[in-house]
Each structure stands twice: as C-alpha cells, then as structure tokens.
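Novice: curious how this folds, go ahead:
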Amino acid sequence: MSIQRIDAGQRMSDAVIHNHTLYYTSVPDDPHLEADIAGQTASALAAIDAILSRVGADRTCLLDVTIFLTDVADFAAMNKVWDEWVPAGSAPVRCTVQAALMDPRYKVELKVVAAV
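Specialist: Take a look at the predicted model:
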C-alpha cells in the first residue's frame with residue numbers, strides 16, 4: 001500500500017494520494033480573504049488547479065467536490081464562478097453545504113477527490 005503525502009506537516013498534509021486518487025482541501029489564499037464570494041471561490045479554484053497540475057492532472061480528473069459555504073445566500077455567486085471554471089462534460093459529483101469555517105474570513109472551502 002502506497003500513500004503519498006504532499007507537503008506533510010504535523011497536523012495535516014496539503015494533499016494525499018492513494019490508489020491513484022488525490023484528496024485535497026482548498027480555501028482562499030491570504031490576499032483574497034477580504035474578497036467577496038466570487039473572489040474567494042476563484043482563489044480556491046486556482047489552488048485546485050495548482051495541485052492538480054503538480055500531480056499531473058487537470059480539472060477533467062475531478063471525481064467528487066464538496067463545497068462548504070458560510071452563507072447560503074452566496075450559492076448563486078459561487079456557482080457562477082464554478083460554472084465558468086469546470087470543463088463542459090467533466091462536472092464531478094458535487095455537494096454544497098452551509099458550515100461555520102475555521103477562519104471567520106473564509107466564505108468558501110472545497111474538499112476535492114480527483115483521479116491521478
């Protein structure tokens with residue numbers, strides 16, 4: 001059994017690969033924490049692009065995405081950014097839930113599973 005931990009720290013890894021499957025969680029990066037939901041979503045999606053590229057994959061490899069929003073009123077604006085980002089015909093299974101996130105500045109967090 002091979003498990004690859006990417007940038008592993010004491011508390012968590014940036015990503016984990018097991019059985020050709022990537023597990024990753026994305027949040028907006030620091031310069032975007034004051035942005036609206038569209039800006040934060042774009043920032044988190046850019047981070048997903050970066051990790052997918054790093055492991056030799058792309059958006060078409062997404063299998064499952066869970067999106068956490070702090071405010072359900074942001075659902076339509078988040079979806080607008082999402083719809084422009086996800087490739088036509090390659091949409092993963094997706095679930096969106098409302099949640100209180102660990103950093104009160106976060107408006108969105110995405111949990112990603114992808115084939116690699």
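Novice: so where do the strands sit in this protein?
Specialist: Assigned by DSSP state E, the chain shows strands spanning 3-8, 13-18, 21-26, 62-69, 93-98, 108-115.
Novice: gap between the fourth one and the chain center?
Specialist: Relative to the chain's own centre, strand 62-69 is displaced by 7 Å; criterion: C-alpha atoms, centre = their mean, to the nearest Å.
Novice: list the strands paired with that strand, with their directions.
Specialist: strand 93-98 (parallel), strand 108-115 (antiparallel) (DSSP bridges).
Novice: would you mind getting the angle between the longest helix along the chain and strand 3-8?
Specialist: The longest helix of the chain (DSSP state H) is helix 37-54. Using axes from the mean of the first three to the mean of the last three C-alpha atoms, to 10 degrees, one finds that helix 37-54 and strand 3-8 are set 130 degrees apart in direction.
Novice: closest one to Leu52 among the strands of the chain?
Specialist: Counting by C-beta to C-beta, Leu52 lies closest to strand 108-115 out of the strands of the chain; the figure is 6.4 Å. Every C-beta, even on glycine, is put in place using the N, C-alpha and C of the backbone.
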